[in-house]
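K.L.:
sharing a sequence plus its predicted fold:
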There are 2 protein chains.
Amino acid sequence: MADHTPDTAHAEDGQPTAARLRKLPTRLMSLAAIQSDRLVNEALARADARKWHYAVLATLGEFGAVSQAELSSRTGIYRSDMVAVVNELAERRLLERSPDPADRRRNVITITRQGRARLRRLDELLTAAEDAVFAPLTAPEREQLTRLLTRLVDHHGRPM
Amino acid sequence: MADHTPDTAHAEDGQPTAARLRKLPTRLMSLAAIQSDRLVNEALARADARKWHYAVLATLGEFGAVSQAELSSRTGIYRSDMVAVVNELAERRLLERSPDPADRRRNVITITRQGRARLRRLDELLTAAEDAVFAPLTAPEREQLTRLLTRLVDHHGRPM
DNA sequence: CTGATATCAGCATAACTGACATCG
DNA sequence: CCGATGTCAGTTATGCTGATATCA
């Protein structure tokens, strides 16, 4: 063993975790994601938004008017869940849903001016949350982590 | 921009994801954890087990007989959820729950011989799942990732 | 009385599945 | 008929909160 991490560690609240458990990489992934998600969700909640709202608005911001199915495949949100997200964003006047005249199965989703403003706001909040999440890492370390995670995510595609 | 990643990428199943979204580090964390969790859960499910089972058995394997509260604080599983986990493991004869004669509030949890055997089996399964999860990474990269995640997890302690 | 323990009930979110009517 | 689309209903797991009876 050539590293400096001790075999047991005390969480500030309780008893030490078993060594094997504590350094289990898949467990670290889960824990880190939980903490990251919590900070992100709290940040977005302050603006009456959720992660999915951002994903949809960001996609609309880059791709313009798209169908719900396209939104779904671009964001990774299931078609069945997309309905509610689009509902919530439409209620808030951040996007508009109108039937596609060219294909009457489809809805055409368009971002509104307020939607673009909200997107910019959420982007700021996300950047701040990101800083909090990755606070213990230097900038090169953050980039390194992002690269490694990107490799993992790209390798195991998206199941849908 | 000095790296080689394109601004859009095609998931094998659908439309490209928006660039901003695709490289969002907190999103990558979530996605990677979901994929990791899925592989781990599938592997453990084949042995009629779950992540929590492993956490409890591994803790018992290292610390011997402990109370449920201690199990809770060592594994990070809530006391209220620990009840069901201990029930499931007791049903399978992998541990024994008996009242603590010295403190009648407590249950003393002891791992059985079969529990130790199961722990070894789950360890093997977990190692295999880990190999699948981190397949696209080299050994040094895996260690690097583990180190970075450990820093994150240690920094944002466990809320309980 | 304070505080810890085990237990139970419940809640919110998320990921996911299946079915169905409509339409190309 | 096949397949895509939007929608609805529902399942499971998980993280988390609160209450309660028991006991140190």
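P.N.:
Received, thanks.
K.L.:
show me what from chain A comes close to DNA strand C.
P.N.:
A:41, A:50, A:51, A:52, A:78, A:79, A:80, A:81, A:103, A:104, A:105, A:159 (C-beta under 7 Å from any atom of the strand). Quick note: C-beta positions are derived from backbone N, CA and C, even for glycine.
K.L.:
if I look at the fifth one, how far off is residue A:71?
P.N.:
Taking C-beta to C-beta, to the nearest Å as the measure, residue A:78 and residue A:71 are separated by 11 Å.
K.L.:
farthest pair within the residues of chain A next to DNA strand C?
P.N.:
Largest separation among these by C-beta to C-beta: A:41 and A:104, giving 36.8 Å.
K.L.:
okay, and the helix or strand of chain A with the least pLDDT?
P.N.:
None of the helices or strands of chain A scores lower by mean pLDDT, DSSP states H and E than helix A:19-22, at a mean of 91.
K.L.:
hmm, it touching DNA strand D?
P.N.:
No. Helix A:19-22 does not reach DNA strand D (C-beta under 7 Å from any atom of the strand); its nearest approach is 13.6 Å.
K.L.:
so for the helix or strand hosting residue A:114, mean pLDDT?
P.N.:
Element membership for residue A:114, per DSSP states H and E: helix A:113-133. What helix A:113-133 shows for mean pLDDT is 96.
K.L.:
equivalent analysis for stretch A:38-47, please.
P.N.:
94.
K.L.:
which residues sit against that stretch?
P.N.:
Defining contact as C-beta atoms under 8 Å, 6 or more residues apart in numbering or on different chains, one finds that stretch A:38-47 is touched by A:50-51, A:53-54, A:118, A:121-122, A:125-126, A:128-130, A:132-133, B:26, B:156.
K.L.:
roughly how far is it from the heart of the chain?
P.N.:
11 Å (C-alpha atoms, centre = their mean, to the nearest Å).
K.L.:
more neighbours, residue A:41 and residue A:104?
P.N.:
Applying other C-beta atoms under 10 Å in any protein chain shown to residue A:41 and residue A:104 shows that residue A:41 carries more neighbours, namely 14 against 8.
K.L.:
residues contacting the spatially most central residue of chain A?
P.N.:
By C-alpha atoms, centre = their mean, the mean C-alpha position of chain A lies nearest to residue A:51, the distance being 5.2 Å. Residue A:51 is in contact with A:37, A:40, A:41, A:44, B:27, B:30, counting by C-beta under 8 Å, 6+ apart.
K.L.:
select only the buried ones of those in ChimeraX?
P.N.:
The following ChimeraX selection, which keeps only the buried ones among those, applies the criterion 16 or more other C-beta atoms under 10 Å in any protein chain shown:
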select /A:37,40,44 /B:27,30
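K.L.:
so which of the contacts of residue A:51 sit within helices?
P.N.:
Mapping the contacts of residue A:51 onto helices (DSSP state H) picks out A:37, A:40, A:41, A:44, B:27, B:30.
K.L.:
ok, those vs DNA strand D, which is closest?
P.N.:
Of all these, DNA strand D sits closest to residue A:37, with 8.6 Å by C-beta to the nearest atom of the strand.
K.L.:
for the closest residue to that closest one other than its chain neighbours, which residues are in contact?
P.N.:
Counting by C-beta to C-beta, 6 or more residues apart in numbering or on different chains, the nearest residue to residue A:37 once its immediate chain neighbours are dropped is residue B:30, at 6.0 Å. Residues near residue B:30 by C-beta under 8 Å, 6+ apart: A:33, A:36, A:37, A:51.
K.L.:
follow-up on the earlier one: for residue A:129, see how far away the residue nearest to the centre of chain A is.
P.N.:
Taken as C-beta to C-beta, the span from residue A:51 to residue A:129 is 10 Å.
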